[in-house]
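In: sequence and predicted structure, then a few things I'm wondering about:
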Amino acid sequence: MVDVYPFKQTNDLSATANGLSLREGHAYYVSVRAHNSAGLSTVVTSWGIIVETSPPIAGFVFEGQPGNSVKDMDYQTNTTSMSVYWEGFHDPHTPIVDYAWKIGTCRGCDDTLRKQHIGLITTIEASHLKLQAGLKYYTIVTEIGRASCRERV
């Protein structure tokens, strides 16, 4: 084990270590050593904390159902529902813990379907929509990693 920061004496119940050079993707552990008046001591160590500063890797979002003859539909005749699925989202340092999706008439908009958190499913359908013929709709999927870094597609 390599020490990143040496033990420092304090009488407080918390402490902050500044000026560290931590590497992304590496786990770090915090150890606390307590001493009593008899000169006895004990050390406890935390669970690992992984440094995560970069967003996850974006995947691909497809309109339609998986397994259809057309992987990504550019047009549909249904004006009341939209199905999408996605694949390829990945975070090299922390697990994916949630996806959110929304539908809008411009990139980033949610004027058709407001953002919904949907867990770890990768296929979903929105029904009871009021889609208008001739309008272009954008489906946005956001992957949320354990460190809460987000990637939007």
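Out: That came through fine. Numbers count the residues shown, from 1 in each chain.

In: would you confirm that Val32 contacts Ser14?
Out: No: when contacts are counted by CB atoms under 8 Å, Val32 is not listed as touching Ser14 (10.2 Å). Glycine gets a C-beta too; all of them are placed from N, C-alpha and C.

In: more neighbours, the two?
Out: Just comparing Val32 and Ser14: by other CB atoms under 10 Å the higher neighbour count belongs to Val32, 12 against 5.

In: where does the more buried one land in three-state SS?
Out: Classification of Val32 using DSSP: H, G, I helix; E, B strand; the rest coil returns strand.

In: state the distance from the closest residue to it other than its chain neighbours to Ser31.
Out: Closest residue to Val32 apart from its sequence neighbours, by CB to CB, 6 or more residues apart in numbering: Val44 at 5.6 Å. Separation of Val44 from Ser31 (CB to CB, to the nearest Å) stands at 7 Å.

In: between the two, who's got more neighbours?
Out: Ser31 (12 against 9).

In: pLDDT score assigned to that one?
Out: Looking at Ser31, its pLDDT reads 90.

In: kindly report the same for the one 5 residues further on.
Out: Per-residue pLDDT puts Asn36 at 92.

In: that one: neighbour count?
Out: 8.

In: spit out the contact partners of it.
Out: Shown in contact with Asn36 (CB atoms under 8 Å, 6 or more residues apart in numbering): no residues.

In: measure it to Phe7 for me?
Out: For Asn36, the distance to Phe7 equals 16 Å [CB to CB].

In: now do the strands in the protein.
Out: Along the chain, counting by DSSP state E, strands occupy 27-28, 31-35, 41-45, 49-50, 60-63, 82-87, 96-104, 113-119, 123-126, 138-145, 150-152.
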